[in-house]
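[1] Provided below for reference: sequence and predicted model.
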Amino acid sequence: EAQVTQNPRYLITVTGKKLTVTCSQNMNHEYMSWYRQDPGLGLRQIYYSMNVEVTDKGDVPEGYKVSRKEKRNFPLILESPSPNQTSLYFCASSLSGKEKLFFGSGTQLSVL
Amino acid sequence: GENVEQHPSTLSVQEGDSAVIKCTYSDSASNYFPWYKQELGKRPQLIIDIRSNVGEKKDQRIAVTLNKTAKHFSLHITETQPEDSAVYFCAASRHGSGNTGKLIFGQGTTLQVKP
């Protein structure tokens, strides 16, 4: 089944403790992206990747890192999480970035 | 920077009525405009999209119109049903030469269809 898999679904952590949210797609998509969703703010793009080893900042990249060493994986790294990063995070992919996005099931992150 | 404004933030209609959600974008080079529907507790899913070379696109009860001169586009849902209740997001991006890979979403519209 074609899908974007995110893990974990829920995560509670404390300020400053490094964490990684994984994202994997099995559709051979070139384009992958991370979004955070906050009430009243919609979906805001954090980082995106047009292909392996190519990543670019979205609108809200501060406090986040990404890597794209393999086509299928695009992990989101929070080196030193802070409470303002408490949010619902979505990973998404598409064939080339010019068409329908397939979203993962989301990761609800709480930073205490 | 690029921006997409979406209105209204909430919309309540009676079953069978029409619903219209409007978005305005700032980047005149934007040429791809998708709409996503997000049901409660679920992931966003594409319902319709339009590219800048057309002014209107229709898929059963859903239609999208685009006015490039005014830099706005709208989602029209006719004969609304309770299962249309969800949050709807518009988005805009630039593809082709000068492709930035950025996809800017609006703030979302919560649509409630009352039986």
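    Sure thing, it's come through.
[2] contacts and neighbour counts: CA atoms only from here.
    Will do.
[3] Surely A:V66 and A:F74 touch.
    Yes: assessed by Cα atoms under 8 Å, A:V66 is found in contact with A:F74 at 6.7 Å.
[4] More neighbours: which of those two?
    A:F74 (29 against 22; other Cα atoms under 10 Å in any protein chain shown).
[5] ok, now which ones touch the more buried one?
    Under the criterion of Cα atoms under 8 Å, 6 or more residues apart in numbering or on different chains, the neighbours of A:F74 are A:T22, A:C23, A:S24, A:M32, A:S33, A:V66, A:S67, A:R68.
[6] Give me the buried entries from those residues.
    With burial judged by 16 or more other Cα atoms under 10 Å in any protein chain shown, the buried subset of these is A:T22, A:C23, A:S24, A:M32, A:S33, A:V66, A:S67, A:R68.
[7] Keep only those of the contacts of A:F74 that are in strands.
    Among the contacts of A:F74, the ones falling in strands (DSSP state E) are A:T22, A:C23, A:S24, A:M32, A:S33, A:V66.
[8] For chain A, give the residue positioned nearest to chain B.
    Chain A approaches chain B most closely through A:G42 (3.9 Å), counting by Cα to the nearest Cα.
[9] quick one on the thing from earlier: mind putting the ones in strands among the contacts of A:F74 in a markdown table, distance to chain B included?
    Shown next, in a markdown table, are those (distance: Cα to the nearest Cα, whole Å):
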| residue | distance to chain B |
| --- | --- |
| A:T22 | 16 |
| A:C23 | 14 |
| A:S24 | 16 |
| A:M32 | 10 |
| A:S33 | 9 |
| A:V66 | 15 |
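[10] tell me which of those residues is nearest to B:F89?
    A:S33 (16.7 Å; Cα to Cα).
[11] hang on, the closest one packs against A:Q45?
    Yes: taking Cα under 8 Å as the definition, A:S33 is a contact partner of A:Q45 at 7.3 Å.
[12] Next up, the contacts around the spatially most central residue of chain A.
    Nearest to the mean C-alpha position of chain A, by Cα atoms, centre = their mean, lies A:W34 at 3.2 Å. Applying Cα under 8 Å, 6+ apart to A:W34 gives the contacts A:Q45, A:I46, A:Y47, A:Y48, A:L76, A:Y89, A:F90, A:C91, A:A92.
[13] do B:H95 as well
    Contact analysis of B:H95 by Cα under 8 Å, 6+ apart lists A:K98, B:S30, B:N31, B:Y32, B:G101.
[14] element containing it?
    Under DSSP states H and E, no helix or strand contains B:H95.
[15] roughly how far apart are it and A:G97?
    Applying Cα to Cα, to the nearest Å, the value for B:H95 to A:G97 is 8 Å.
[16] any residues in contact with both of the two?
    Counting by Cα under 8 Å, 6+ apart, the shared contacts of B:H95 and A:G97 are B:G101.
[17] Give the residue spans of chain A that score low on pLDDT.
    Counting by pLDDT under 70, not a single residue of chain A qualifies.
[18] What parts of chain B come near chain A?
    B:32, B:34, B:42-46, B:89, B:95, B:101-108 (Cα under 8 Å from any Cα of the partner chain).
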